[in-house]
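>>> have a look at this fold, sequence not included:
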């Protein structure tokens, strides 16, 4: 989990009739991203979905992005008219930014800076 989000604090653990499900973070945005990537597909698979994994799309950047560090990042963003813009504030406590996001920009570890017009992977939230 350390390469997906921040080092895990004590986990929130839920038990159900089929086993144990843990979210690795109490940070609200980190917990949401973790649930989107792992919990949502698990629930879909348990409900019988044949292809439960999230599907990435490609989108053109409306604004540049700086280079990424050693972790894969999921930036809250909006997708409008075929172009995507990352929210200016990406702090884990910024729930308003999450509420306005329509997708997450997926930035691989050590990704170089991205310019306006470059294409990036996005994960739609709807």
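Thanks, I have it. As the structure is a computational prediction, the values presented were derived from the model and not from experiment.
>>> just the buried residues of stretch 50-60, please?
In terms of neighbour count (16 or more other CB atoms under 10 Å), stretch 50-60 has its buried residues at residue 59. Using the backbone N, CA and C atoms, a C-beta is placed for each residue, glycine as well.
>>> what is the mean pLDDT for that stretch?
On average, the pLDDT along stretch 50-60 is 94.
>>> give me the contacts around it.
With CB atoms under 8 Å, 6 or more residues apart in numbering as the test, stretch 50-60 has contacts from 36-37, 40-42, 44-45, 79, 82-84, 103, 105-106, 117-124.
>>> can you flag the buried ones in the residues you listed?
With burial judged by 16+ other CB under 10 Å, the buried subset of those is 37, 41, 79, 84, 103, 105, 106, 120, 122, 123.
>>> which one is the fifth one nearest to, not counting chain neighbours?
Once flanking residues are discounted, residue 103 sits nearest to residue 122: 4.4 Å by CB to CB, 6 or more residues apart in numbering.
>>> these two touch, right, the one you found and residue 101?
No. Contact criterion CB atoms under 8 Å: residue 122 and residue 101 do not qualify, at 10.4 Å.
>>> mutual contacts of those two, please.
Counting by CB under 8 Å, 6+ apart, the common neighbours of residue 122 and residue 101 are residue 77.
>>> counting neighbours, what do you get for residue 67?
Counted with other CB atoms under 10 Å, residues neighbouring residue 67 total 10.
>>> what's the pLDDT at it?
According to the prediction, residue 67 has pLDDT 97.
>>> please apply the same query to residue 94.
86.
>>> brilliant, that's me finished.
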